[in-house]
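1. The sequence isn't on hand, but the structure is:
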């Protein structure tokens, strides 16, 4: 394999992992826009998506597509329950208190997952086999990478359609901008917050499900992916829709090229160095400009 | 239509409203006037369910709505156009108007909503050119028009207008007043909160004057317009008159 082939390979891998980060970042953004909090339970949504998928497909031999939807819906439900229960009934509505609450919830979810599934890494079959496809440039790509890419694009298009074209989506954006004005327009702020948690749950689950066949999954795979998704969200501009995609892709590419060309030992360090750099140099991120459009 | 009965409200230990009672008939323009901090906006937010009173009742068509959440109050057709615009800034003018009709969502209303949309653009023709612009890029007067337009998209039974003239040029105020007059002709009941007593009394049927959380005067608008105190306190330069009296 010559150098250009190698680069092509790194780029394909980078884009794939970047797509995952983008989905995760989107999950962080949706809850942030609706409530102003950083939801650290987002990490657990990813793990749970992967583990639900593993249980259904491997343990219960359920059809792959059906498993995909059940797992996603299941985690969306968990997200909704988190909002209906602890978040809505927290005595203090201080942002910092709610953020700590999500950290606690994250621990509870992870602990429960560990009890249920143990600590082993488990595999989930790829959606359509493992035979690599040869690319024109000379690199190869496994079908799962294509699945990840296609599903991410589809999810982004659906989100875009929802937020820009449907009344419910516009109502969610309106709530993010001004809760009081939204309430005065007859929008139930509680319901919008509930939706945002369910959506984030679903997004986390999708990320966890589509990456599981490549990287295997366990009760805590979501931590690293979640934190990198968080870094991607910061890089793109926290709360910004397009920023999440951009941040995810940039981070994925940096990580993949860095690991390939420098050393794979630095893979994780790259993401967090980027996070620190952004926080030092431009905390609003690439697309963030003060009171810019969010969601 | 609206009856407020012995409402008191506290804001972090400070009494904002003290035993307020008032009523409004259907089809009437009622003005609520008073200076800064008199409690006018607090009263509107109590009606809209944004804050809860410490005691008292708010009856709308005979039903006590005091414990209703804001969205249920909007559902009843009580629609507030809040002070300081409170638009959805990054959303377009069109989206702001669409969200005004949120309470009427559902398939069977589609046609009526698009008719009302045209009606609003006819009321405020400036908005037509701005439909795809972000609301935050509009001028102050245009924003106020959009805020009122958004309120009207909800087909209010009772429209609560909070300081529609605040910070606007006289010409724009005139335009907004003529819209309120037009709404009255069409049978909308309007509760108008204003610091600008002269303008408010000119278009309203009756008025209450609120001063530091209490009702200080009430009567027909023409009577109040003639009342010396009001003239001195709000229409003239001598705005200290009330506190000194």
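-> The structure has been received and is ready for your questions. In this text the structure is predicted, and so the values were computed from the model without any measurement.

2. which parts of the stretch 101-250 of chain A sit against chain B?
-> By the rule Cβ under 8 Å from any Cβ of the partner chain, the part of the stretch 101-250 of chain A lying against chain B is A:167, A:170-171, A:173-174, A:177-178, A:180-188. From N, CA and C alone the C-beta is placed, and that goes for glycine too.

3. at 6 Å instead, please
-> Within the stretch 101-250 of chain A, the positions near chain B by Cβ under 6 Å from any Cβ of the partner chain are A:167, A:170, A:174, A:177-178, A:181, A:183-188.

4. which ones among the residues you listed are found in helices?
-> For these, membership in helices holds for A:167, A:170, A:174, A:177, A:181, A:183-184, with DSSP state H as the criterion.

5. Which of those has the largest number of neighbours?
-> residue A:184 (30 neighbours; other Cβ atoms under 10 Å in any protein chain shown).

6. Now do the strands in chain B.
-> Listed in chain order, the strands of chain B (DSSP state E) span B:2-11, B:14-24, B:29-33, B:55-60, B:63-64, B:78-81, B:158-162, B:189-194, B:206-211, B:214-220.

7. which strands and helices sit next to the first one?
-> Secondary structure elements in contact with strand B:2-11, counted by 3 or more Cβ pairs under 6 Å, 6 or more residues apart in numbering or on different chains; DSSP states H and E, are strand B:14-24, strand B:55-60.

8. Assign a three-state SS to the nearest residue to residue A:13 once chain neighbours are set aside, would you?
-> Excluding the flanking residues, the one nearest residue A:13 by Cβ to Cβ, 6 or more residues apart in numbering or on different chains is residue A:256, at 4.5 Å. Following DSSP: H, G, I helix; E, B strand; the rest coil, the label given to residue A:256 is helix.

9. Residue B:185 versus residue A:256, what's the distance?
-> Distance, residue A:256 to residue B:185, by Cβ to Cβ, to the nearest Å: 68 Å.

10. quick one: which of those two has more around it?
-> Taking neighbours as other Cβ under 10 Å, residue A:256 and residue B:185 compare with residue A:256 leading, 23 against 8.

11. Check the burial of residue A:283 by counting its neighbours.
-> As a burial measure, residue A:283 scores 11 neighbours (other Cβ under 10 Å).

12. how about low-confidence regions in the chain?
-> Picking chain A for this. A:1, A:137-138, A:289-295 (pLDDT under 70).

13. actually it's chain B I care about, not the one you picked
-> B:84, B:228-245.

14. If we use 50, what do you get?
-> B:237-245 (pLDDT under 50).

15. residues near residue B:37, how many?
-> 13.

16. what residues are up against residue B:29?
-> For residue B:29, the contacting residues are B:184, B:190, B:204-205, by Cβ atoms under 6 Å, 6 or more residues apart in numbering or on different chains.

17. can you redo those residues as TSV with distance to residue A:196 and neighbour count?
-> Compiled in TSV, the contacts of residue B:29 are given as follows (distance: Cβ to Cβ, whole Å; neighbours: other Cβ atoms under 10 Å in any protein chain shown):
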residue	distance to residue A:196	neighbour count
B:184	41	17
B:190	35	22
B:204	42	25
B:205	44	16
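
18. Now intersect those residues with the helices, please.
-> residue B:184.

19. now, which of the contacts of residue B:29 sits nearest chain A?
-> residue B:190 (15.9 Å; Cβ to the nearest Cβ).

20. Residue A:143: which of the helices and strands packed on strand B:2-11 is closest?
-> strand B:55-60 (61.3 Å; Cβ to Cβ).

21. Buried residues, the closest one. List them.
-> Residues of strand B:55-60 classed as buried by neighbour count (16 or more other Cβ atoms under 10 Å in any protein chain shown): B:56, B:58, B:60.

22. Over to stretch A:85-101?
-> Residues A:86-87, A:98, A:101 are the ones in stretch A:85-101 that count as buried (16+ other Cβ under 10 Å).

23. rewinding a little: reformat the helices and strands packed on strand B:2-11 as a markdown table; add distance to residue A:80.
-> Putting the helices and strands packed on strand B:2-11 into a markdown table (distance: least, Cβ to Cβ, whole Å) gives the following:
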| stretch | distance to residue A:80 |
| --- | --- |
| strand B:14-24 | 36 |
| strand B:55-60 | 33 |
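
24. do you know which of the ones you listed lies nearest chain A?
-> Judging those by Cβ to the nearest Cβ, what sits closest to chain A is strand B:55-60, at 14.9 Å.

25. tell me the angle that closest one makes with strand B:14-24.
-> With axes from the mean of the first three to the mean of the last three Cα atoms, to 10 degrees applied, the angle from strand B:55-60 to strand B:14-24 works out at 30 degrees.

26. Starting from strand B:55-60, tell me which strands it pairs with and how they run.
-> The pairing partners recorded for strand B:55-60 under DSSP bridges are strand B:2-11 (antiparallel), strand B:63-64 (antiparallel).

27. Could you find the closest non-adjacent residue to the residue of chain B found nearest chain A?
-> Closest contact between chain B and chain A, by Cβ to the nearest Cβ, is at residue B:74 (3.2 Å). Closest residue in space to residue B:74, ignoring its immediate chain neighbours: residue A:186 at 3.2 Å, by Cβ to Cβ, 6+ apart.

28. repeat for residue A:67
-> Closest to residue A:67 by Cβ to Cβ, 6+ apart is residue A:56, at 3.8 Å.

29. what about residue A:31, which helix or strand?
-> Here residue A:31 sits within helix A:3-35, counting by DSSP states H and E.

30. where along the chain do the helices fall?
-> Going with chain A. Going by DSSP H, chain A shows helices at A:3-35, A:42-54, A:64-82, A:88-89, A:95-117, A:143-165, A:167-177, A:179-184, A:189-215, A:221-236, A:241-261, A:267-281.

31. that's the other chain; I wanted chain B
-> Under DSSP H, chain B gives helices at B:40-48, B:70-75, B:93-100, B:110-123, B:126-129, B:140-153, B:170-185, B:197-203, B:221-226, B:228-230, B:241-244.
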